[in-house]
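Engineer: Give me a model of this one.
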Amino acid sequence: MFLIRVLLPLHKVKSLSVYHPQLAYCVVQFLEKDSSLTEPVIMGLLKFWPKTHSPKEVMFLNELEEILDVIEPSEFVKVMEPLFRQLAKCVSSPHFQVAERALYYWNNEYIMSLISDNAARILPIMFPALYKNSKSHWNKTIHGLIYNALKLFMEMNQKLFDDCTQQYKAEKQKEKYKLKEREEIWHKIEELAKQNPQITKVYPPLQPGLHPQEEFMIYNESSGGLPLYSMETETPTAEDIQLLKKTVETEATQGMKELKKDKVLMRRKSELPQDVYTIKALEAHKRAEEYLTANQEAL
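Structural biologist: Okay, here's the model as predicted:
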């Protein structure tokens with residue numbers, strides 16, 4: 001109750017940065033003692049996830065990685081889908097520090113082992129965000145980190161990676177078709193509007209003596225609107241897919257750690273937050289037995 005009703009709501013406070021290391025440490029300590037609290041804690045963090053405060057979002061990502069370092073695989077399965085939907089949003093963030101911090105999760109060996117065991121459910125969530133931002137993100141450093149994440153996914157399960165690529169391509173084709181269909185519907189509506197005798201009341205005459213239909217066409221052309229299907233719905237071609245694979249192989253050079261198959265992966269225990277005041281207080285602390293012993297000798 002104390003964890004859920006007291007500690008978690010403290011994440012909503014504006015001055016979170018003042019005490020966040022200590023708060024995150026307390027939360028992780030609770031989870032180390034009782035792993036069944038992991039699901040409500042992670043769902044609570046996702047509920048309070050900042051929408052417009054990027055530095056605070058980075059703090060949440062830091063704390064979330066500390067929680068994932070001590071999470072049990074059975075608890076990870078319960079929260080992985082909403083968790084990675086939020087990570088996909090972070091990867092797509094225009095704030096490069098948020099995207100960078102989220103992509104650093106792929107440098108954590110224990111988290112990668114959890115992802116590898118559940119790749120069939122995680123990769124379909126992450127692939128669209130990774131593919132899109134590998135082309136469109138403004139920061140080149142993010143491109144390198146995305147290529148590393150894609151490379152790790154490709155090495156985990158090549159067939160699943162290809163299936164996700166084809167699924168993404170099909171969804172883009174469907175989206176492009178829907179936008180084109182919508183544009184055609186609007187075109188029909190415009191044609192019907194041209195035949196309405198009340199058109200002059202909606203579009204005042206631009207030039208005297210012109211027919212209302214001609215006026216409507218001039219007005220429509222002067223608006224400079226682009227067709228709806230010209231929006232960003234670029235469908236990856238077969239050449240794009242092959243180029244992606246080659247790029248992933250050649251440009252994954254940002255120093256990310258490779259997964260070591262022969263290394264035993266252990267959950268990392270939480271560490272005391274590096275806070276100057278906390279360290280000084282611990283150094284100055286003296287056990288009560290020392291004073292009790294001195295008093296007994298004096299007697």
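Engineer: Can you show me the strands along the chain?
Structural biologist: With DSSP state E as the criterion, the chain has no strands.
Engineer: by contact count, what packs against the top helix by length along it?
Structural biologist: The single longest helix within the chain, with elements called by DSSP state H, is helix 158-194. Judged by 3 or more CB pairs under 8 Å, 6 or more residues apart in numbering; DSSP states H and E, the packing partners of helix 158-194 are helix 119-136, helix 140-156, helix 212-222, helix 238-251. The way it works is simple: take the backbone N, C-alpha and C, and place the C-beta from them, glycine included.
Engineer: Which of those helices has the lowest mean pLDDT?
Structural biologist: The weakest mean pLDDT among the helices and strands packed on helix 158-194 belongs to helix 212-222, with a mean of 58.
Engineer: and residue 36, how far is that from residue 172?
Structural biologist: According to CB to CB, to the nearest Å, residue 36 stands 41 Å off from residue 172.
Engineer: Tell me which of those two has more neighbours.
Structural biologist: residue 172 (17 against 10; other CB atoms under 10 Å).
Engineer: Got the phi and psi for residue 196?
Structural biologist: Phi and psi for residue 196, reported as degrees, to the nearest 10, are phi -80, psi 120.
Engineer: For it, give its distance to residue 156.
Structural biologist: 59 Å.
Engineer: Comparing the two, which residue is more hemmed in?
Structural biologist: Legend: neighbour count by other CB under 10 Å for residue 196 and residue 156, higher for residue 156 (18 against 13).
Engineer: Does the more buried one touch residue 116 like I think?
Structural biologist: Yes: Residue 156 lies in contact with residue 116 (CB atoms under 8 Å); the separation is 5.2 Å.
Engineer: who's in contact with residue 90?
Structural biologist: 57, 61, 98-99, 101-102 (CB atoms under 8 Å, 6 or more residues apart in numbering).
Engineer: sorry, that was for residue 96
Structural biologist: So residue 96 contacts 137-139, 141-142 (CB under 8 Å, 6+ apart).
Engineer: same check, this time on residue 248
Structural biologist: By CB under 8 Å, 6+ apart, the neighbours of residue 248 are 147, 150-151, 154.
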